[in-house]
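Student: The following block contains a protein sequence and its predicted model.
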Amino acid sequence: MPAILDQILYQKRKWIEEKKKSFSFSELEKLLASAPCLRDAYAYILKEVDGEIPIIAEIKKKSPSLGEIVSELNISKWAEGYEKAGARAISVLCD
């Protein structure tokens, strides 16, 4: 695994451990119980439609190895464009 990914994983694990200290499991259960139901994205992505290739589009402002890719990123605009182009799902890189 490249060193940059090791660093990202280390930082994310550290962040998760800190969040566990400040956010109880019962609070998480309450939030999940009141969350809206989601559609089965996996089944939607794999659904067979004649003449279509299931595409998962990606939105990311930065790359761990390349740095900034897009200086001004309007996620809503990109998502709408991907939807119009037929993407079945969108992956958004947050870290």
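Tutor: That came in fine, so what should we check first?
Student: contacts and neighbour counts: CA atoms only from here.
Tutor: Noted.
Student: quick one: the helices in the chain?
Tutor: 3-22, 25-34, 41-46, 75-84 (DSSP state H).
Student: Just checking: what are the partner strands of the lowest-mean-pLDDT helix or strand in the chain?
Tutor: In the chain, no helix or strand scores lower on mean pLDDT, DSSP states H and E than strand 62-63, which sits at a mean of 82. Strand pairing for strand 62-63, using DSSP bridges, gives strand 67-68 (antiparallel).
Student: The nearest residue to residue 94 once chain neighbours are set aside: what's it in contact with?
Tutor: Excluding the flanking residues, the one nearest residue 94 by C-alpha to C-alpha, 6 or more residues apart in numbering is residue 60, at 7.3 Å. Residues in contact with residue 60 (C-alpha atoms under 8 Å, 6 or more residues apart in numbering) are 69-70, 92-94.
Student: Any regions of the protein where pLDDT drops low?
Tutor: 1-2, 95 (pLDDT under 70).
Student: And the closest residue in space to residue 55 that isn't next to it in sequence, how far from residue 24?
Tutor: Once flanking residues are discounted, residue 55 sits nearest to residue 87: 5.0 Å by C-alpha to C-alpha, 6+ apart. From residue 87 across to residue 24, the span is 37 Å (C-alpha to C-alpha, to the nearest Å).
Student: repeat for residue 41
Tutor: According to C-alpha to C-alpha, residue 41 stands 28 Å off from residue 24.
Student: what's the answer for residue 31, then?
Tutor: Per C-alpha to C-alpha, residue 31 is found 11 Å from residue 24.
Student: got it, and residue 47?
Tutor: Where residue 24 is concerned, residue 47 sits at a distance of 38 Å (C-alpha to C-alpha).
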